[in-house]
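Chemist: Build me a model from this:
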Amino acid sequence: MKKNLYLFEISDIFANQVYLPYSSGVVWSYAQSDEKIKNSYELSEWFFYRQDAEKIINSIKNPDVLAFSCFMWNWNINCEIAQRVKKKYPNCLIVFGGQHQPLADRNDKFFQEHPYVDILVHGEGEETFKEILLNNLDKIPDFKSINGLTLNIDNTEFRTYPRQRISNIQDSESPYLNGLFDELIKKENEKNSGIRFSAIVESARGCPFSCAFCEIGEKYYQKLKTSYDKTKQEIDWIAKNNIEYVTDANSNFGILFKQDLDLAEYVGKIKEKYSYPHAYRVTWAKGKADKVLEIAKIFEKAKVQKGMTIALQSMNPNVLKAIARKNIDGGKLDEFIEMYEGENIASYIELIWGLPEETLDSFIDGACKIMEKGYHNYLDIHLMMLLPNAPIGSDNYMSKYGIRTKETQPRFSHRHVTEELSTDTAKFVTQTNTFTEEEWIQGHHFRWLIIFGHYLGPLQFIARSLNEIYSVPYKDFYMGLMNYTKQHQDTFLGEEYNRIDINLRKIIKNERHWGDVLGHVSDINWEVDESTCIRLADPDTSKRFYKEIRVFCDILLGKKSDRELLNDIFRYQKLRLHSFDKNYPIKDTFTYNIDGVIERKQNLKKKKNSIIFNGKNYNSDLFKWAKEILWYGRRVAAYKTQTMVEAN
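Modeler: Numbers count the residues shown, from 1 in each chain. Purely as a prediction, here's the structure:
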C-alpha cells in the first residue's frame with residue numbers, strides 16, 4: 001500500500017485568481033521522477049489556496065507525510081494545520097521547507113516552540129526532499145545522513161551538513177510538462193470553484209547581489225542557474241491552457257542579456273500565436289536599465305509587460321552602504337528616465353521606507369529629489385518588511401542598527417478580507433537607530449500623500465505647474481500641504497489623514513487589516529492611496545477637494561497668486577486626471593499654455609489655446625475604472641488623460 005502524501009503551498013486568492021503551486025510542484029516533480037518514490041507514495045491532496053483550516057484538517061485522512069512550502073503569508077496557517085494533524089496522527093512525518101522557516105543558524109529553540117514539526121529543509125529542496133521520502137521508506141528512518149536539514153530529536157535541534165545547490169535545473173522535471181498541473185486544474189474545474197490560475201516560471205535561479213533586505217541575499221544563492229529551454233516549453237503549456245498572468249522568478253531579468261532577449265522574443269511569438277499570456281512579469285536586472293531597454297520594447301510590442309522598474313530603494317548613500325546595495329548614480333538615473341521616455345516605455349522607481357540608516361528627513365528628501373529630476377510617472381514606495389531569512393533579520397544586524405518590528409497582518413491589497421487572514425502575520429520595521437516609531441508613522445503618511453496626490457494624479461499637475469511657473473520646490477508643496485492638512489482636519493484631506501492615522505495605529509497593534517474596503521465599490525481591500533482616489537472620484541467630493549486645495553495654493557503663493565492663471569492650472573489638472581464618469585474626448589480652451597509648460601518645458605505665455613483630452617470611457621463603472629486605472633494601471637500612469645493641443 002502506498003504512503004499518503006499531502007502537499008501544502010497555500011496562497012491567497014486575488015480577484016478570483018491564484019498561482020499554481022510552483023515551488024511544491026517543482027520539488028514533488030523532482031522527487032517522483034525516482035521510480036521507487038513514484039511507486040511508494042500517493043499524492044492524496046494538494047492544498048494551494050486559502051480556505052478554512054478546519055475544512056482542510058478534516059479532509060486529511062491517515063497521512064504519512066505532510067510537506068509544507070512556507071512563506072510569510074501562509075506561516076501561521078501552516079503551523080496550525082501541522083500542529084492539529086500531528087496531534088491527531090502522531091506518527092505522521094511533518095516537513096517544513098520554503099523561504100520562511102528559519103535558516104540553520106537561526107533556529108535555536110525552534111522545536112521547543114514548534115514540537116509538531118519533524119524536519120526543517122534549508123536551501124533548495126529538490127534533492128533534499130527526494131532523499132527524505134526515500135529514507136522514510138526504511139523500517140526505522142534515520143535522516144541524519146541527509147544534508148541540508150535541521151531535525152527535531154526530542155524537541156531539540158540536530159543540524160546536518162549544509163546542502164550544496166543542485167547543479168542543473170534545466171533537466172529537472174517540470175510540473176507543467178509532466179502532467180501534475182493538468183491533473184490539478186482538472187480537479188479544480190470539477191469543483192466549479194470559478195478560480196482562474198496564474199503561473200510562475202523560473203528562467204534563472206539565484207542572484208549575484210547581496211542586498212541585506214532580500215531572502216536570496218545570502219551567499220548560498222549567489223551563483224546563477226538557468227533553465228531557458230525548459231521555460232520556453234512551459235510558456236507553450238501556459239499559453240495553450242489560456243493562463244493570463246505569468247511571473248518569471250528570475251531575480252535579474254536582462255542580466256544574461258542574450259538569453260533573456262531570446263526568451264522575450266519567444267514570449268512575443270507565443271502571445272501572437274495563442275493570444276496568451278496577457279502579462280509576463282519580470283524583475284529587471286539591477287543597474288542595467290540601459291541594457292534591458294531592447295527587451296522591454298519587445299515585451300511592450302507584445303503587450304505582455306508595461307513599466308520598467310528602476311529599483312533604487314533609497315537615495316541615501318548611508319542606507320545603501322548598510323544594505324550592501326549599489327545604485328545607479330544620479331547622472332545615469334537622469335539618462336535612463338530620458339531614454340525610456342524617448343522610447344515611450346513607461347518606467348517606475350522603487351523606494352523602501354524603513355531601511356537602516358534612513359531618517360524621516362532623508363526619506364522625504366529622496367522622494368522629493370526624484371520629482372525634482374522631472375520624474376512623474378510612478379513612484380512605488382514599499383514599507384520595509386523583515387523577511388526572517390534575509391541578512392537583515394540576523395540578531396547581529398538587528399542589534400547593530402537598532403531594528404525594532406511590529407507584527408501585523410501581511411500587507412496585501414486587492415483581496416477579500418476574511419477572518420482567516422488574521423491568522424497570518426508579517427513583521428514590519430517600525431523603528432531603528434535613525435527613526436522612531438512615530439517618525440515611521442509620519443513617513444507612512446508622507447508616502448500616502450505623494451503616491452495619492454502626485455503618482456496617482458489628483459495633485460500632480462498643480463504641483464508641476466507651481467514648480468515650473470513659480471519655482472515652488474516639490475518638498476515645499478507637499479510638506480506644506482501635509483502641515484496644512486494636519487491643521488485643517490475638517491478638510492477632505494484632513495478627514496482622510498485622520499482615518500488613515502487611526503487605522504495605521506490599529507494595524508501595528510494587529511487589530512485590523514491593511515488597506516480600506518469600500519463597500520460601494522467592491523468587497524476587496526484597496527491601498528490607502530487608491531481608496532483616497534476612489535473617494536475623490538465622487539463629483540461632489542472632487543469639487544470640495546479642489547476648492548480646499550485652491551485655498552492652500554493661495555496661502556502658499558501669497559502675493560504671487562494669480563487668479564486667472566490658477567483657474568487655468570486647476571481646470572487643466574481636473575481634465576488631465578482620468579475620470580470614470582466623463583465621456584472622452586473632451587475639448588477645452590485655456591488662456592495660458594499650461595500643457596506646453598508642463599509637458600514640453602515651454603516658457604509661460606498668455607496665449608489662447610484649445611486642448612483635446614482623451615481617455616477610455618468607463619460609462620460610470622466605478623469598480624472597472626478603479627481596477628484598471630488605480631490597480632492595474634498605476635505603474636504606467638493610467639491616471640493621465642492624453643492631450644493634443646490644436647493648432648491655431
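Chemist: Please export the C-alpha coordinates of the lowest-mean-pLDDT helix or strand in the chain as CSV.
Modeler: Every helix and strand of the chain was ranked by mean pLDDT, DSSP states H and E. The lowest is helix 330-342, at a mean of 72. Taking C-alpha atoms only, helix 330-342 is exported to CSV below (Å, rounded to 0.1, in the frame of the first residue of the first chain):
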residue,chain,number,x,y,z
GLY,A,330,22.2,60.4,-10.3
GLY,A,331,23.5,61.1,-13.8
LYS,A,332,22.7,57.7,-15.0
LEU,A,333,19.2,57.9,-13.4
ASP,A,334,18.5,61.1,-15.4
GLU,A,335,19.8,59.4,-18.6
PHE,A,336,17.7,56.3,-18.1
ILE,A,337,14.5,58.3,-17.4
GLU,A,338,15.1,60.3,-20.6
MET,A,339,15.9,57.2,-22.5
TYR,A,340,12.7,55.4,-21.5
GLU,A,341,10.5,58.5,-22.2
GLY,A,342,12.2,58.9,-25.6
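Chemist: quick one: that helix to chain centroid distance?
Modeler: Computed by CA atoms, centre = their mean, to the nearest Å, the chain-centroid distance of helix 330-342 equals 24 Å.
Chemist: In contact with the closest residue to residue 205 other than its chain neighbours, which residues?
Modeler: Nearest residue to residue 205 in three dimensions, chain neighbours excluded: residue 225, at 4.7 Å (CB to CB, 6 or more residues apart in numbering). Where you see a C-beta, it was placed from the backbone N, CA and C, and this is true even at glycine. Residues near residue 225 by CB atoms under 8 Å, 6 or more residues apart in numbering: 165, 166, 167, 168, 169, 204, 205, 206.
Chemist: Got phi/psi on residue 225?
Modeler: Backbone torsions of residue 225, given as degrees, to the nearest 10, read phi -120, psi 140.
Chemist: can you give me the helices in the stretch 201-350 of the chain?
Modeler: In the stretch 201-350 of the chain, the helices defined using DSSP state H, counting those that start in this stretch lie at 228-240, 257-274, 293-302, 317-322, 330-342.
Chemist: What residues sit buried inside the second one?
Modeler: Within helix 257-274, the residues that qualify as buried are 259, 260, 261, 263, 264, 266, 267, 268, 270, 271, counting by 16 or more other CB atoms under 10 Å.
Chemist: Could you pull out the buried residues of the strand or helix carrying residue 397?
Modeler: Per DSSP states H and E: residue 397 is located in helix 395-401. Neighbour-count burial for helix 395-401, with 16+ other CB under 10 Å as criterion, is recorded at 397, 398, 401.
Chemist: distance of the first one from residue 389?
Modeler: Here residue 397 is placed at a distance of 12 Å from residue 389 (CB to CB, to the nearest Å).
Chemist: so which of the buried residues of helix 395-401 would you say is closest to residue 492?
Modeler: residue 401 (38.2 Å; CB to CB).
Chemist: Hmm, that closest one is touching residue 358, no?
Modeler: No: assessed by CB atoms under 8 Å, residue 401 is found out of contact with residue 358, at 10.1 Å.
Chemist: what do the two both touch?
Modeler: residue 432.
Chemist: Kindly report the domain assignment for this protein.
Modeler: 3-159, 167-207+220-304 (automatic domain parsing).
Chemist: Now distance to residue 556 and mean pLDDT too, for the ones you listed, in JSON lines please.
Modeler: Listed next are the domains of the chain as JSON lines, based on distance: least, CB to CB, whole Å; pLDDT from 0 to 100:
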{"stretch": "domain 3-159", "distance to residue 556": "40", "mean pLDDT": "93"}
{"stretch": "domain 167-207+220-304", "distance to residue 556": "35", "mean pLDDT": "90"}
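Chemist: and residue 621, which of those domains is closest to it?
Modeler: Closest approach to residue 621 among the domains of the chain (CB to CB): domain 3-159, 15.3 Å.
Chemist: Now do the contacts for the nearest residue to residue 525 once chain neighbours are set aside.
Modeler: Excluding its sequence neighbours, the residue lying closest to residue 525 (CB to CB, 6+ apart) is residue 515, at 3.7 Å. Residues near residue 515 by CB under 8 Å, 6+ apart: 411, 413, 525, 526, 527, 528, 531.
Chemist: with the residues you listed in mind, which one is nearest to residue 458?
Modeler: Using CB to CB, residue 531 comes nearest to residue 458 of those, at 12.7 Å.
Chemist: How much space separates that closest one from residue 631?
Modeler: Taking CB to CB, one finds residue 531 at 11 Å from residue 631.
Chemist: who has more neighbours, the two?
Modeler: residue 531 (24 against 17; other CB atoms under 10 Å).
Chemist: coming back round to it: just the angle between the least confident helix or strand of the chain and helix 293-302, please?
Modeler: 30 degrees (axes from the mean of the first three to the mean of the last three CA atoms, to 10 degrees).
Chemist: Could I get the buried residue list for helix 330-342?
Modeler: Buried, per 16+ other CB under 10 Å, within helix 330-342: 333, 336, 337, 339, 340.
Chemist: Kindly reformat the contacts of residue 515 as TSV containing pLDDT.
Modeler: Below are the contacts of residue 515 laid out as TSV (pLDDT from 0 to 100):
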residue	pLDDT
411	89
413	87
525	91
526	96
527	96
528	97
531	97
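Chemist: Are any of these buried, and if so which?
Modeler: Applying 16+ other CB under 10 Å to the contacts of residue 515 flags 411, 413, 525, 526, 527, 528, 531 as buried.
Chemist: Sitting in strands, which of those do you find?
Modeler: Of the buried ones among the contacts of residue 515, the ones assigned to strands by DSSP state E are 525, 526.
Chemist: Show me what the helix or strand where residue 613 lies packs onto, helices and strands only.
Modeler: Element membership of residue 613, judged by DSSP H and E, is strand 606-614. On a contact count with 3 or more CB pairs under 8 Å, 6 or more residues apart in numbering; DSSP states H and E, strand 606-614 meets helix 563-576, strand 586-592, strand 642-645.
Chemist: low-confidence ranges in the stretch 351-500 of the chain?
Modeler: 418-423 (pLDDT under 70).
Chemist: Distance from the helix holding residue 397 to the middle of the chain?
Modeler: On CA atoms, centre = their mean, the centre of helix 395-401 falls 26 Å from that of its chain.
Chemist: quick one: strands adjacent to the next helix-or-strand element following it?
Modeler: The first helix or strand that comes after helix 395-401 along the chain, using DSSP H and E, is strand 404-408. For strand 404-408, the paired strands and their directions (DSSP bridges) are strand 426-431 (antiparallel).
Chemist: tell me how far the partner strand is from the chain's mean position?
Modeler: The answer for strand 426-431 is 17 Å, by CA atoms, centre = their mean.
Chemist: hmm, who's touching it?
Modeler: Strand 426-431 is contacted by residues 72-73, 354-355, 383-386, 388, 402-411, 437, 440-441, 508 when judged by CB under 8 Å, 6+ apart.
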